[in-house]
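Chemist: Mind looking at a prediction? Sequence and model below.
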Amino acid sequence: MNPPPRKAQPPIFSPQEFRAALGMFATGVTIVTARTADGQVIGLTANSFNSVSLEPPLVLWSLSRAAASLAVFSAGSHYAINVLAADQKALAERFAAKGADRFSGVSFDEGAGGAPLLHGAAATFECFNRSRYEEGDHVIFVGEVERCTHRPGAAPLLFHGGRYYTEHAI
């Protein structure tokens, strides 16, 4: 009997094929927010959110190592994950754009560690920045949820195949 391999075989697909295949997994859309050490608010659109554990309450999300905000999220004690509702598509697009004044005119409350909690979100998770794992070209953040809220009946904003969707079957 042969021992199991210790290393994965090289991929037999292109990065474009991999990205297209990943795009077939429909996800919700979030905006992850935090406050810098000098008090500035930051945020970005992410669809790499998932639950990890109920006890303790843990969630995860990932961020590219090339992201300008990586140092802030890595060093900060808290961040908030704002799960977007269907009527927040424009907000998702704004927070995904480079160079945009992301918080101009955006209503929010201050959460744990000063992280912005966006008004109108379908759900919010206020997280202690528990741990980080470097894998490939991303850093995986695991947050311990200190507080969460949700808006019953809110329709979710969805992302699939590189497009946002604001309607889903009921």
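Modeler: Received, thanks.
Chemist: Tell me the confidence at the residue nearest the centre of the chain?
Modeler: Nearest to the mean C-alpha position of the chain, by CA atoms, centre = their mean, lies Ala46 at 3.6 Å. Predicted confidence (pLDDT) for Ala46: 96.
Chemist: mind listing what it touches?
Modeler: Each residue near Ala46 by CB atoms under 8 Å, 6 or more residues apart in numbering is listed here: 29-32, 61-63. Any C-beta I mention is one placed from the backbone N, CA and C, and that applies to glycine too.
Chemist: can you pull out the strands in the protein?
Modeler: Applying DSSP state E to the chain gives strands spanning 27-28, 30-35, 41-46, 50-53, 58-64, 78-83, 108-110, 116-118, 123-135, 138-150, 158-160, 163-165.
Chemist: could you dump those strands to CSV with distance to Ala96?
Modeler: Shown next, in CSV, are those (distance: least, CB to CB, whole Å):
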stretch, distance to Ala96
strand 27-28, 14
strand 30-35, 9
strand 41-46, 4
strand 50-53, 19
strand 58-64, 12
strand 78-83, 13
strand 108-110, 17
strand 116-118, 14
strand 123-135, 19
strand 138-150, 16
strand 158-160, 10
strand 163-165, 10
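Chemist: Which one of those lies nearest to Gln9?
Modeler: The closest of these to Gln9 is strand 123-135. By CB to CB, the value is 18.0 Å.
Chemist: What pairs with the closest one, parallel or antiparallel?
Modeler: Strand 123-135 pairs in its sheet with strand 78-83 (antiparallel), strand 138-150 (antiparallel), by DSSP bridges.
Chemist: Quick one, which of these gets closest to Glu17.
Modeler: Closest to Glu17 of these is strand 138-150 (CB to CB; 18.8 Å).
Chemist: how about the protein, which residue sits the furthest from its center?
Modeler: For the chain, the largest distance from the centre (CA atoms, centre = their mean) belongs to Met1, which lies 43.2 Å off.
Chemist: if I look at it, how far off is Ala8?
Modeler: Taking CB to CB, to the nearest Å as the measure, Met1 falls 20 Å from Ala8.
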